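Enquirer: structure of the sequence below:
(2 chains)
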Amino acid sequence: MNAVELCGVGKRYGRQWAVREVTLSLRAGERLALLGHNGAGKTTLMKLMLGLTRADRGTVGVLGGAPGGAGSPSRQAIGFLPENVAFHDAMTARETLRFYARLKRRPEAECLELLDRVGLAAAADNRIGTFSKGMRQRLGLAQALLGNPRLLLLDEPTTGLDPALRQAFYEIIGQLASNGTAVLLSSHLLTELEERTDRIAVMYQGRLAAAGTLDQLRVAAGLPVEIRLRIADGRRVAVADALALHSPRSVGLQELTLSCPVADKMTVLRAVAALGDDVRDLEMTLPGLDAIYASFTGAPATLEAA
Amino acid sequence: MSAVLIIAGKEIRDGVRNRWAVTATVVLAGLALALAFLGSAPTGHVGVPPLAVTVVSLTSLTVLLVPLIAIILSYDALVGEIERGTMLLLLAYPVRHWEVVAGKFLGHTALLGCATVIGYGAAGVVIAATAKGSTAGQWPAFSVLIATSVGLGAAFLALGYLISSTVRERATAAGIAVGVWLLLVLLFDMGLLGFLAATQGRGISASLFRWILMLDPADIFRLINLASFTDVRKYSGMAGLSAQAQVPPGTLAAALLAWIAAPLGLTIAIFGRRQL
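Expert: Numbers count the residues shown, from 1 in each chain, chains lettered A, B, ... in the order given. Below is the predicted model:
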């Protein structure tokens, strides 16, 4: 059973379609990143999964049922961290978490354990009004983790976190996923997702522009791999001639740059290897998430095909 | 514990924490005491029952103040949380929309109730202790005053939620709340008075007049407190009116309850359909 199953989902606000024809699934234990600009439909998708809004088209399945009204068992098993999470400033972290724990019918002991887990144990009895953005975000994560959710929806979870916290954040998410929790997180910070998610879905203007592993997206985007060669003294012209098929460009006296599609990478490398000592060193750059994202969202015409 | 009680408990804690409850209690007690002592100064030793006089002056004060306190407490209860983003998180929990409204109503009513009972009750006790004669016979009227003050407050709380559930912005809700307070507490009576004066009282029959008064929770509150007890009626100048517009106390109580239930029901219906 998939944790989330979206089939041809559309959601309209007034005349504007916030989400159009989205088909997407999320397995248990999988970490899926939802990537897109503000207004691309990421938050709307999460609201649909939570049952806070209803889809105008298509079907939404969550944990094997329709997305919950409050009484449905699925609500109990979902953790949600909204974008820019807000709490009541006059309450302490412990009181706030206890309030949410009661609503989820969880024991109080779990609150302390979670505060400790997100590193807020020392500040548990401080008023949230005194908290930094990062501390609020950690409290937000703590409430989302109440009751060991089987599905975790995190909307822009790492905005405002410093790099060390971000690292800790993804570690917690990794632990949860390895215990079978399906994690859906949205972000517009692309670089940090590369190593930390299993699959990436690119949203653009309400549509799913692309979805897959980072490698699959690299291929689908058709972006070139950059290979930079350092050439032995006086051999530049000879090497350039030998690799003429791959149209090398000269960079200075001792360097050549080649671009090739991801799929042709090995062919080029074999050709380079055949040149022996003429090539002193080699540096290869795969297209990053930023470039892939730009290629999907910057050229909407090709998205329809993707 | 049900979600309603959990949310009510949080509202009470919020109210106590941000000093709202304490402020309201002190204001109500202070004004009640001030009225009691100022009010009894001119009566001297004429033998006027002190609690009954206090009921008259407190009724006029309550009718202005309690609705204002209540509507200020409730106008942003829903729209404010939506704007701050706390509602989105709350509704992602196993909580139904109606449970949010009911929980807030219960919590706010408890806060308002405590402030009124403690504030007015303290004033009542002080008056009774310092009065020359016995005040035993006047306690029913005073208790009814306290109970109906809470009822009046609850009605304006419910009206506040109704405003809060229909608008998109807090600022709009604040504007409408002030307007509703002005309309029901001041303008309705002035309009009615103006109409009666212009038509020299021949415009409407006494029985119709009775029902028109039911259209305003503030008037229902006045009728219950000023016209129901003989002692009070004598000093409120309502003896004449109450003879004409005699409405049984049960009907008045039912009308006040309807003013609580109807806006609350509407709020639940509107908020329940609202998508975030």
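
Enquirer: which element is the nearest residue to B:M214 once chain neighbours are set aside on?
Expert: Distances taken as Cβ to Cβ, 6 or more residues apart in numbering or on different chains place B:A255 nearest to B:M214, at 4.7 Å, with adjacent residues excluded. Yep, even glycine has a C-beta here, placed from its N, CA and C like the rest. Secondary structure from DSSP states H and E places B:A255 in helix B:249-273.

Enquirer: now that helix: buried residues?
Expert: If you call a residue buried by 16 or more other Cβ atoms under 10 Å in any protein chain shown, then helix B:249-273 has these buried ones: B:252-253, B:255-256, B:259-260, B:263-264, B:266-268, B:270-271.

Enquirer: quick one, what contacts A:R249?
Expert: Residues in contact with A:R249 (Cβ atoms under 8 Å, 6 or more residues apart in numbering or on different chains) are A:256-258.

Enquirer: just the buried residues out of those residues, in PyMOL syntax.
Expert: This is the PyMOL syntax for the buried subset of the contacts of A:R249, where burial follows 16+ other Cβ under 10 Å:
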select buried, chain A and resi 256+258
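
Enquirer: quick check: closest non-adjacent residue to A:R57.
Expert: In space, and not counting its chain neighbours, A:R57 is closest to A:G10: 3.3 Å by Cβ to Cβ, 6+ apart.

Enquirer: can you check A:T92 too?
Expert: Nearest one to A:T92, counting by Cβ to Cβ, 6+ apart, is A:D125 at 5.1 Å.

Enquirer: wait, isn't the one you found in contact with A:A93?
Expert: Yes: taking contacts as Cβ atoms under 8 Å, A:D125 lies within contact range of A:A93: 7.5 Å.

Enquirer: is any residue of stretch B:170-190 near chain A?
Expert: No: for stretch B:170-190 and chain A, the contact criterion (Cβ under 8 Å from any Cβ of the partner chain) is not met; the two come no nearer than 13.8 Å.

Enquirer: residue in the stretch 101-250 of chain B with the shortest distance to chain A?
Expert: Proximity of the stretch 101-250 of chain B to chain A (Cβ to the nearest Cβ) peaks at B:G103, 10.3 Å away.

Enquirer: so which bits of chain B are right by chain A?
Expert: B:1, B:3, B:6, B:10, B:13-14, B:17-18, B:84-86, B:88-97, B:99, B:275-276.

Enquirer: circling back to that earlier point, in a markdown table: the contacts of A:R249, plus pLDDT and secondary structure.
Expert: Compiled in a markdown table, the contacts of A:R249 are given as follows (pLDDT from 0 to 100; DSSP: H, G, I helix; E, B strand; the rest coil):
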| residue | pLDDT | secondary structure |
| --- | --- | --- |
| A:L256 | 88 | strand |
| A:T257 | 89 | strand |
| A:L258 | 88 | strand |
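
Enquirer: now, which of the contacts of A:R249 sits nearest chain B?
Expert: Comparing the contacts of A:R249 against chain B with Cβ to the nearest Cβ places A:T257 closest, at 48.2 Å.

Enquirer: quick one, what contacts the closest one?
Expert: Applying Cβ under 8 Å, 6+ apart, we find A:T257 in contact with A:226-229, A:248-249, A:251.

Enquirer: same thing but at 10 Å, please
Expert: A:T257 makes contacts with A:226-229, A:247-251, A:283, A:285, as judged by Cβ atoms under 10 Å, 6 or more residues apart in numbering or on different chains.

Enquirer: same check, this time on A:Q216
Expert: Each residue near A:Q216 by Cβ under 10 Å, 6+ apart is listed here: A:199-200, A:210.

Enquirer: in space, what's closest to B:R168 - neighbours in sequence excluded?
Expert: Nearest to B:R168 is B:V79, by Cβ to Cβ, 6+ apart, at 7.2 Å.

Enquirer: run a quick neighbour tally on the one you found.
Expert: 24 (other Cβ atoms under 10 Å in any protein chain shown).

Enquirer: assess the claim that it and B:G175 are in contact.
Expert: No: under the criterion of Cβ atoms under 10 Å, B:V79 makes no contact with B:G175, lying 11.9 Å away.

Enquirer: what sits in contact with each of those two?
Expert: B:163, B:167, B:169.

Enquirer: buried members of the residues you listed into PyMOL, please.
Expert: Selection of buried members from those for PyMOL, criterion 16+ other Cβ under 10 Å:
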select buried, chain B and resi 163+167
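
Enquirer: among the shared contacts of B:V79 and B:G175, which one sits closest to B:G179?
Expert: For those, the residue nearest B:G179 by Cβ to Cβ is B:I163; the value is 9.2 Å.

Enquirer: hang on, the earlier thing: show the buried residues in the contacts of A:Q216.
Expert: The neighbour count (16+ other Cβ under 10 Å) marks A:199-200, A:210 as buried among the contacts of A:Q216.

Enquirer: what about the residue in the stretch 201-306 of chain A that chain B sits nearest to, distance to A:T59?
Expert: For the stretch 201-306 of chain A and chain B, the shortest gap (Cβ to the nearest Cβ) falls at A:G206, measuring 16.6 Å. Going from A:G206 to A:T59 by Cβ to Cβ, to the nearest Å gives 17 Å.

Enquirer: tell me which element residue 172 is part of?
Expert: In the absence of a named chain, this looks at chain A. Element membership of A:I172 [criterion: DSSP H and E] is helix A:163-178.

Enquirer: actually, chain B is the one I wanted.
Expert: helix B:170-182.

Enquirer: buried residues, the very next helix or strand once past that helix. List them.
Expert: Downstream of helix B:170-182, the first helix or strand assigned by DSSP H and E is helix B:188-198. Neighbour-count burial for helix B:188-198, counted by 16+ other Cβ under 10 Å, picks out B:188-189, B:192.

Enquirer: now do stretch A:241-253
Expert: Buried, per 16+ other Cβ under 10 Å, within stretch A:241-253: A:242-243, A:246, A:248.

Enquirer: tell me where the model's unsure across the chain.
Expert: Let's take chain A. A:69-72, A:299-306 (pLDDT under 70).

Enquirer: was after chain B, sorry
Expert: B:1, B:39-50, B:132-135, B:230-245.

Enquirer: thought B:A115 was touching B:A32?
Expert: No: applying Cβ under 10 Å as the test, B:A115 and B:A32 come out as separate, 11.3 Å apart.

Enquirer: and stretch A:185-195, is it in reach of chain B?
Expert: No: Stretch A:185-195 does not reach chain B (Cβ under 10 Å from any Cβ of the partner chain); its nearest approach is 14.2 Å.

Enquirer: now do the helices in the chain.
Expert: By default, I'm working from chain A. All helices of chain A, identified by DSSP state H, fall at A:42-50, A:73-76, A:93-103, A:109-117, A:133-144, A:163-178, A:214-221, A:236-242, A:265-273, A:289-297, A:300-303.

Enquirer: think we crossed wires, I meant chain B
Expert: With helices called from DSSP H, chain B shows them at B:3-17, B:20-40, B:50-74, B:79-84, B:86-92, B:97-130, B:139-166, B:170-182, B:188-198, B:206-213, B:217-227, B:230-236, B:239-244, B:249-273.

Enquirer: and of those helices, who's closest to A:L35?
Expert: Checking these against A:L35 by Cβ to Cβ gives helix B:86-92 as the closest, at 21.5 Å.
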